[in-house]
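Asks: this is the structure alone, sequence omitted:
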RNA sequence: GAGCCGCUAGCUCAUCCGGUAGAGCACCGGCCUUUUAAGCCGGUGGUGCUGGGUUCGAGUCCCAGGCGGCUCACCA
């Protein structure tokens, strides 16, 4: 073992003494009759007297989380996946040997199996009166302290197993996360979407402007990239006639870490033939409204001191409108690159007049001036074409694309557009991206010839959307950091 | 990658101006057969993140490094 302190050594000694006594500290199996929650469901409504006459026999198992000894009797609480219950042990019932074994060899953190019957104590707490106690698995390391629990953030992330054990609110977040994902799948399945899986290792990383992770396949002797998005594969599937598809995907971006960024993150991407971005706005409103209502019991959530209401409809602003009205940017700045750069500099934003295109400069101003105001669910629509190489242009204005982003709690939660399905236009957009890449933009997209070939077979009018699951879970669980909604967030090597 | 803050017993935290490092819980021993932050008595436990430096003397001051948090930059 890495480090052995006296507490661990004491427990190792106990294991050896138990073995010498013929007791296996790690027996292979133990059958339980009820989870702890089931016991509360069965007996929670029964009075002290009813319990005494009914003699409800139970066989339970769990981890001992607390203990109060009283000489020839003892109380402890054990915890399983469903809850926590008190156990009462007496020397009279367990015998000298059984009681001493509990008293001397079993520690907080150990897994115990208990046979007994339910009763109520003087304080009316539903408790299991033990007739037999067996050690199911000996813990060698002590658990954190019972009042303050485990607070050290680094330890909580590195040793999430301990965090989950002693901090019930952490378990709650991940149970909710699972329910959220399940609910989203139900929602899409009900609407005839097909859940699919597409490559995580891609020869050409596409579908998002981001720097990829590189890996190497030895047998093929070629580099592969961890996907930055599944988009181009999902659209190939729509070409193939799978008109409604979705993937809850882990994607990877080789960028900095922050409160809102983990190098691997989970996204929902879905594509719907014969729909446009307006249809997806309606679908998104419906999805998130149902989600909050069904998972949280209310369309209102509280996040970082704000009340957020998911009841539709949500406000919609065009990108330019949002800059002018919400961001209080002078309208002429939208048309005048020099003015935009002056404003960006006045706002202390890092713009590079050599490299940044007018759209990129405006986007930085957008982040600074508009994003902080987008607390309630809000759609920002009709983005500049140059920021959107995979989106379809508006019929009435070729410089804008039919695209929206959904903001909630000042975070970008979703990004969607009517998909570009004109293969010639897509080829031109890829060429523009390649020019940018050659000019040194490491996030510019790559030419994907097979994707173009797929489009040449014909992609029906289609709309597609990506929803950041981690960020959505942050808002729905009141978590300020993405690390609080990812079980094992990326950290540097342990010191 | 940059700035600021943090790192002391298994856990949560103290340690004032540089002078032999403490508490609660946990743990060990004793008492206690309905307790629940059980109680009472006694006890064990520390490379003070690492490495240098200043000093008679460093957990404390200085320098370098590690890890974490926050902010910024990049992005979803």
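Replies: Nice, thanks for sending it over. All figures in this text were calculated on a predicted structure; none of them were measured in a lab. Numbering: from 1, shown residues only, chains lettered A, B, ... in the order given.
Asks: domain assignment for chain A?
Replies: If you go by automatic domain parsing, the domain ranges for chain A are A:6-143, A:166-327+A:370-484.
Asks: of those, flag the one that's most buried.
Replies: Ranked by mean neighbour count, these are led by domain A:166-327+A:370-484 with a mean of 18 (mean count of other Cβ atoms under 10 Å). Heads up, the C-betas are built off the backbone N, CA and C, glycines and all.
Asks: list the beta-bridge partners for the residue nearest to residue A:237 when sequence neighbours are not counted.
Replies: Spatial nearest neighbour of residue A:237, excluding adjacent residues (Cβ to Cβ, 6 or more residues apart in numbering): residue A:245 at 5.0 Å. Beta-bridge partners for residue A:245, by DSSP bridges, are residue A:194, residue A:271.
Asks: pull the contacting residues for residue A:245.
Replies: For residue A:245, the contacting residues are A:193-196, A:234, A:237-238, A:270-271, by Cβ atoms under 8 Å, 6 or more residues apart in numbering.
Asks: outside of the longest helix anywhere in chain A, which residues touch it?
Replies: Ranked by residue count and defined by DSSP state H, the top helix of chain A is helix A:168-190. With contact meaning Cβ under 8 Å, 6+ apart, helix A:168-190 is reached by A:156, A:160, A:163-164, A:195, A:244, A:246, A:248, A:268, A:270, A:287, A:290-291, A:294-296, A:467, A:469, A:472-473, A:476-477, A:479, A:484-485, A:487.
Asks: need the domains of chain A in JSON lines with distance to RNA strand B and mean pLDDT, can you?
Replies: As requested, the domains of chain A are exported to JSON lines (distance: least, Cβ to the nearest atom of the strand, whole Å; pLDDT from 0 to 100):
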{"stretch": "domain A:6-143", "distance to RNA strand B": "3", "mean pLDDT": "95"}
{"stretch": "domain A:166-327+A:370-484", "distance to RNA strand B": "3", "mean pLDDT": "94"}
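Asks: turn these into a markdown table, columns for distance to residue A:354.
Replies: Listed next are the domains of chain A as a markdown table, based on distance: least, Cβ to Cβ, whole Å:
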| stretch | distance to residue A:354 |
| --- | --- |
| domain A:6-143 | 56 |
| domain A:166-327+A:370-484 | 10 |
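Asks: which one of these lies closest to residue A:356?
Replies: For residue A:356, the closest of these is domain A:166-327+A:370-484, at 10.1 Å, according to Cβ to Cβ.
Asks: just give the nearest non-adjacent residue to residue A:479, would you?
Replies: residue A:485 (5.1 Å).
Asks: who touches the one you found in this structure?
Replies: Taking Cβ under 8 Å, 6+ apart as the test, what residue A:485 contacts is A:173-174, A:177, A:470, A:473-474, A:477, A:479.
Asks: closest to residue A:35 among the residues you listed?
Replies: residue A:174 (18.4 Å).
Asks: from one end of stretch A:32-45 to the other, what's the distance?
Replies: 22 Å (Cα to Cα, to the nearest Å).
Asks: which stretches of the stretch 101-250 of chain A form strands?
Replies: A:111-120, A:126-137, A:194-195, A:201-202, A:214-217, A:222-226, A:244-252 (DSSP state E, counting those that start in this stretch).
Asks: mind putting those strands into a markdown table with distance to residue A:338?
Replies: Shown next, in a markdown table, are these (distance: least, Cβ to Cβ, whole Å):
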| stretch | distance to residue A:338 |
| --- | --- |
| strand A:111-120 | 69 |
| strand A:126-137 | 70 |
| strand A:194-195 | 49 |
| strand A:201-202 | 40 |
| strand A:214-217 | 38 |
| strand A:222-226 | 38 |
| strand A:244-252 | 37 |
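Asks: picking that back up, ok, the residue nearest to residue A:479 to residue A:472 distance?
Replies: Distance, residue A:485 to residue A:472, by Cβ to Cβ, to the nearest Å: 9 Å.
Asks: ok, residue A:335 next?
Replies: 35 Å.
Asks: and the two most separated of the contacts of residue A:245?
Replies: A:195 and A:238 (14.3 Å).
Asks: contact partners for residue A:134?
Replies: A:27, A:30, A:112-114.
Asks: tell me what it is bridged to.
Replies: residue A:113.
Asks: ok, now residue A:78?
Replies: residue A:64, residue A:85.
Asks: contacting residues around it?
Replies: Shown in contact with residue A:78 (Cβ under 8 Å, 6+ apart): A:36, A:60-65, A:84-85, A:87, A:112, A:114.
Asks: and it, how far is that from residue A:466?
Replies: 43 Å.
Asks: do residue A:77 as well
Replies: Taken as Cβ to Cβ, the span from residue A:77 to residue A:466 is 44 Å.
Asks: before we move on, what about residue A:405?
Replies: Distance, residue A:405 to residue A:466, by Cβ to Cβ: 10 Å.
Asks: what touches both of the two?
Replies: With Cβ under 8 Å, 6+ apart as the test, residue A:405 and residue A:466 both reach A:414-416.
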